[in-house]
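Trainee: Need coordinates for the below:
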Amino acid sequence: MKILIYFSLLFFTSIEADAGWFQQNSGTTADLRSVNFNHGNENIAWACGENGTILYTSNGGTDWILQNSGTDADLYAIVFMEISGGPVFACGENGIILRTSNNGTNWNVIPSNVSVTLRDISDFNFVAVGDSGVILKSSNQGLNWYPLASQTAKNLYAVCAIFSNY
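Mentor: Model prediction:
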């Protein structure tokens, strides 16, 4: 099993979990806040962070390619939506949601209709959460997002997929 941990500007990878850690250069000076590997292909991963930074690797983290996200908003989460065939989403400041379905060649802004910072997106069930208790859901592969009732005004930092058959 390949493991990747990131700290600010540096990536650390392990070819096998017990093989030791090797520092990898991210190629950016931006602080990074999220990384997500493709569960079906351990060589493909995405990372995102401040000032709209998005990085992509297709060789397990050895080399990272800077993507043109089209925004300078800080990004807090990036996910590969494997259950829906592979689009990648990132979210962040001012309610921004970005989507690509062509490995980052083009990133499209998807209206979220909120202005608070979005902190996380579930990688299986199209739910995003953020500041002031915001919860968003999409029922059409992330093309449109609508708010869900929240019982809190506190900031929400993470969301997890829940499957009804477990």
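Trainee: wait, residue 77 sits on residue 48?
Mentor: Yes - contact status for residue 77 versus residue 48: in contact at 7.2 Å, counting by CB atoms under 8 Å. The C-beta positions use only the backbone N, C-alpha and C, and glycine is treated the same way.
Trainee: which neighbours do those two share?
Mentor: By the contact definition CB atoms under 8 Å, 6 or more residues apart in numbering, residue 77 and residue 48 are jointly contacted by 33, 34, 90, 92.
Trainee: Looking at neighbours, which among these is most surrounded?
Mentor: In terms of neighbours by other CB atoms under 10 Å, the shared contacts of residue 77 and residue 48 top out with residue 90 at 32 neighbours.
Trainee: which element is that one on?
Mentor: strand 88-92 (DSSP states H and E).
Trainee: Next SSE downstream of that strand?
Mentor: According to DSSP H and E, the helix or strand after strand 88-92 is strand 97-100.
Trainee: export that following strand as CSV, just CAs?
Mentor: C-alpha atoms of strand 97-100 as CSV (Å, rounded to 0.1, in the frame of the first residue of the first chain):
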residue,chain,number,x,y,z
ILE,A,97,-16.4,24.8,-6.1
LEU,A,98,-14.1,23.8,-9.1
ARG,A,99,-14.7,20.8,-11.3
THR,A,100,-12.6,19.1,-14.0
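Trainee: Paired strands for it, with orientation please.
Mentor: When pairing is defined by DSSP bridges, strand 97-100 lines up against strand 88-92 (antiparallel), strand 108-109 (antiparallel).
Trainee: Please render those strands as CSV that adds distance to residue 122 and mean pLDDT to the earlier fields.
Mentor: Listed next are the strands paired with strand 97-100 as CSV, based on distance: least, CB to CB, whole Å; pLDDT from 0 to 100:
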stretch, distance to residue 122, mean pLDDT
strand 88-92, 10, 96
strand 108-109, 20, 96
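Trainee: Out of those strands, flag the one nearest residue 127.
Mentor: Proximity to residue 127 (CB to CB) singles out strand 88-92 among the strands paired with strand 97-100, at 11.0 Å.
Trainee: what's next to that closest one, contact-wise?
Mentor: Applying CB under 8 Å, 6+ apart, the external contacts of strand 88-92 come out as 34, 46, 48, 54, 69, 73-81, 96-101, 103-104, 107, 110, 112, 117-121, 128, 130, 142.
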